[in-house]
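K.L.:
pasting the sequence and the predicted coordinates here, then a few questions.
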Amino acid sequence: MKRIEGYVSHIIYRNPENGYTVFELDTGEMITCTGMFCVLEEGERLTLLGDDTEHAVYGKQFKVSDWKTAPPDDAAGMERYLGSGAVRGIGPSLAKRIVKRFGGETFRIIEEEPERLAEIKGISERKAMDIAAQMDEKKGMRQAMVYLQGYGISNAMAVRIYQTYGDRVYRILEENPYQLADDIEGIGFKKADELAARIGIHVDSRYRICSGILYTLMQASGEGHVYLPQTLLVEKAAALLGLPESTVSEQIGNLAMDRKLVVKKAEKETLCYASGYYYTELSCAKMLVDLSGRLYEERKDGRREEIAEKIERIQEREGIRLDELQKEAVLGSVENSIFILTGGPGTGKTTTINMMIHYFVSEGLSLFLAAPTGRAAKRMTEATGYEARTIHRLLELSGEAAKEGGRARFERNEDNPLEADVIIVDEMSMVDIHLFRSLLAAVSPGTRLILVGDDNQLPSVGPGQVLHDLIQSGAFPVVCLKRIFRQAEESDIVVNAHRINRGEEIPLDNKSRDFFFLERSNAQVIYKHMIQLIREKLPPYVHARPYDIQVLSPMRKGYLGVETLNVILQAYLNPADPSKKEAQIGETLFREGDKVMQVKNNYQLEWEVLSRYQIPIDRGVGIFNGDMGVIREISEYAQTVVVEYEEGRRVTYGFSQMDEVEPAFAITIHKSQGSEYPAVILPLLSGPRMLMNRNLLYTGVTRARDCVTILGSRQVVRQMIQNVSEAGRFTSLDRRIQELKGDLCLP
């Protein structure tokens, strides 16, 4: 290991997310250095430990493994630092005058007698104090960095902690390090708990127990729950903390008094909510009740008959034929402020939506169409001929808010509602409680809200089961379409999906044109046939690219889980090549050309669409859970990955952000919600009983437009059809609605 000393001459590149920096160090000669630095300014004097390396593109570099700063020890060094731009308001000429006046005493004067800077022409007393404050802040940050790194905190995280707390960081860590889990994204209970153990916080500390309880609730929200029964919450939190349940239970009341927890008595049990989740559900219920007054009385002036006659005229004009349930659905959408349309594949939901659109347009009403994902919005546009947007785009996600605040803020809200007479939202089974609240906030009284979806699909990835709870509440008119139309009857995908939903066996005899089953009992054989299907058989059969054919697995782990499948599929579908750059980030190897998926909502990520001349023609923010794209560029030097999503949206990720992205040659069935693929391959050999159920199989099958191929065990398919024991969700939107609506509930 080699030791060098010098001044930072020029910062070439810096990744603010993880502190990775490329800079030139002046040691008498210029040396290009690379490493992780919490804070670094041009003009600083550094002592570095590291090794000489040879970069394939950029040549000789010094890779830093350890470093420390030292104040410049001579007048030239002080002048270089002050004039580098490190201190706001001091340029090279002013730095020269300061150092000429105070010489080697310059830094001491700034720290101890800053008012003396005003002796220099061009520096007022106010400016002198500002210079001193900046120097003190930088000194304080460096001291905090050293302190935090002593507890094993990374540079990037240390910067975020100091930016949040400033000099209060020492008191917070000594008193309650669990506060970090509440205040700083990326620090969960487990990281805070490790830090607390190093600091010496007792395992039965009140702070630790309360943080563990809240962490348990947050983990439950990741599984879709809005609350947990108190007995289950205490049991899970006690197991996490390694403490007796009685000790944990004592803190439930304290959390409720601190308003971090809402405790509600139900008929047979006590329910515990993280406060934010309780009030989100309650807010949704209140807004729904406020919006849900009937627009028309059914018999007033023969209004219902008049609507029915108009529907008949539109059917004749457009050549559309509705059955009685579909007509009832269109009538319901006209008569009510809130209306729900549900039904399985092939039951005519799209035809019904089209008739609603024709009716409202003929009445001169303005309408918006929306869906939770880009893929679902695109399908809605194609099916209706009217533009559909994602809900996030409909609500106008604020770019400025995303840059500044860390939390999503929509421009369309209570103060600036959507200007539409009718809003139709498709794929409602995918909408979680948080997004639903944002949508309702932007709907003004008098606007019709029509919610469409398939209640038999898997629930949303995020917390809640909004569509299910709305139907269960009994508070809003619902039409469930059940008849499979003739055109859909020709598709065994549709017919078998309904059989699965009814718990009936499906034929696996390969006499179908779009539903195939290949009995295979060995995972290695399944890999071989899966690759053959994607590369050779299915693309010409469904007239699609291999990229468009999607493998859907019930699980993440195991021989046929997405983690293993993605490694195998990458090797065959996007193999290593000298022309493709790649990077090992954590445990995942990413390669240019890889199919990937964003796995969490990120409201801060900026995207741009480039013209064919590489000029930006559109910009925005927000990439969301389930968005799929392709890796276009990887830069080891800049530590960045460029992913192109649908509609040409290109996002540049730092390596430290790539934990939000996963390979997507294979994805879980849950992650496929709202999407439709030309062909789907389902590997079904074995898996946990709670996972391998009817609901999951139904969702997987209905993701395919032209072809489904099941690879695996006939017995497993039969068992999944019979298994209705899906993991339930603890949600209560239906109860909140019933409490507020009371006797006004519709039959």
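P.N.:
Perfect, thanks for sending it.
K.L.:
make it CA atoms for all contacts and neighbour counts henceforth
P.N.:
Fine.
K.L.:
correct me if wrong: residue 389 contacts residue 367.
P.N.:
No: using Cα atoms under 8 Å, residue 389 makes no contact with residue 367, being 11.9 Å away.
K.L.:
so between the two, which is more surrounded?
P.N.:
More crowded of residue 389 and residue 367, by other Cα atoms under 10 Å: residue 389, with 23 against 18.
K.L.:
name the element that one belongs to?
P.N.:
strand 388-390 (DSSP states H and E).
K.L.:
surely residue 33 is in a helix?
P.N.:
No: looking at residue 33 with DSSP: H, G, I helix; E, B strand; the rest coil, it is strand, so not inside a helix.
K.L.:
who does the nearest residue to it once chain neighbours are set aside bridge with?
P.N.:
Sequence neighbours aside, residue 62 is the residue nearest to residue 33 in space, at 4.5 Å (criterion: Cα to Cα, 6 or more residues apart in numbering). Beta bridges link residue 62 to residue 33, residue 52 when assigned by DSSP bridges.
K.L.:
what sits against residue 62?
P.N.:
31, 32, 33, 34, 50, 51, 52, 53 (Cα atoms under 8 Å, 6 or more residues apart in numbering).
K.L.:
give me that answer again for 6 Å
P.N.:
33, 51, 52, 53 (Cα atoms under 6 Å, 6 or more residues apart in numbering).
K.L.:
could you look up the SS state of residue 7?
P.N.:
Per three-state DSSP, residue 7 ends up strand.
K.L.:
what's the neighbour count on it?
P.N.:
The burial count for residue 7: 23, using other Cα under 10 Å.
K.L.:
if I look at the residue nearest to it when sequence neighbours are not counted, how far off is residue 25?
P.N.:
Excluding the flanking residues, the one nearest residue 7 by Cα to Cα, 6+ apart is residue 45, at 4.4 Å. Distance check for residue 45 against residue 25: by Cα to Cα, to the nearest Å, it reads 9 Å.
K.L.:
joint contacts of those two?
P.N.:
Looking at what touches both residue 45 and residue 25 (by Cα under 6 Å, 6+ apart), the common residues are 6, 7.
K.L.:
return the helix or strand in this structure with minimum mean pLDDT.
P.N.:
None of the helices or strands of the chain scores lower by mean pLDDT, DSSP states H and E than helix 399-405, at a mean of 50.
K.L.:
the following helix or strand past it pairs with which strands, parallel or anti?
P.N.:
Following helix 399-405 in sequence order, the next helix or strand is strand 422-425 (DSSP H and E). Strand pairing for strand 422-425, using DSSP bridges, gives strand 367-371 (parallel), strand 448-453 (parallel).
K.L.:
can I get those in TSV with mean pLDDT and distance to residue 476?
P.N.:
Putting the strands paired with strand 422-425 into TSV (pLDDT from 0 to 100; distance: least, Cα to Cα, whole Å) gives the following:
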stretch	mean pLDDT	distance to residue 476
strand 367-371	96	20
strand 448-453	96	11
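K.L.:
distance to residue 713 added to these, as JSON lines?
P.N.:
Listed next are those as JSON lines, based on distance: least, Cα to Cα, whole Å:
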{"stretch": "strand 367-371", "distance to residue 713": "35"}
{"stretch": "strand 448-453", "distance to residue 713": "31"}
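K.L.:
of those, which is nearest residue 536?
P.N.:
strand 367-371 (33.3 Å; Cα to Cα).
K.L.:
please identify the residue most distant from the middle of this protein.
P.N.:
residue 101 (55.5 Å; Cα atoms, centre = their mean).
K.L.:
helices of the stretch 601-747 of the chain, start to end?
P.N.:
For the stretch 601-747 of the chain, the helices defined by DSSP state H, counting those that start in this stretch cover 694-701, 714-722, 733-741.
K.L.:
out of those helices, deepest packed?
P.N.:
A comparison of those by mean neighbour count, using mean count of other Cα atoms under 10 Å, puts helix 694-701 on top with a mean of 24.
K.L.:
who does that helix touch, helix- and strand-wise?
P.N.:
Judged by 3 or more Cα pairs under 6 Å, 6 or more residues apart in numbering; DSSP states H and E, helix 694-701 has no packing partners among the helices and strands.
K.L.:
please repeat the previous calculation with a cut-off of 8 Å.
P.N.:
helix 492-502, helix 714-722 (3 or more Cα pairs under 8 Å, 6 or more residues apart in numbering; DSSP states H and E).
K.L.:
could you redo those helices as JSON lines and give each row distance to residue 137 and mean pLDDT?
P.N.:
Formatted as JSON lines, the helices and strands packed on helix 694-701 follow (distance: least, Cα to Cα, whole Å; pLDDT from 0 to 100):
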{"stretch": "helix 492-502", "distance to residue 137": "64", "mean pLDDT": "92"}
{"stretch": "helix 714-722", "distance to residue 137": "62", "mean pLDDT": "93"}
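K.L.:
before I go, just wanted to say thanks for your time.
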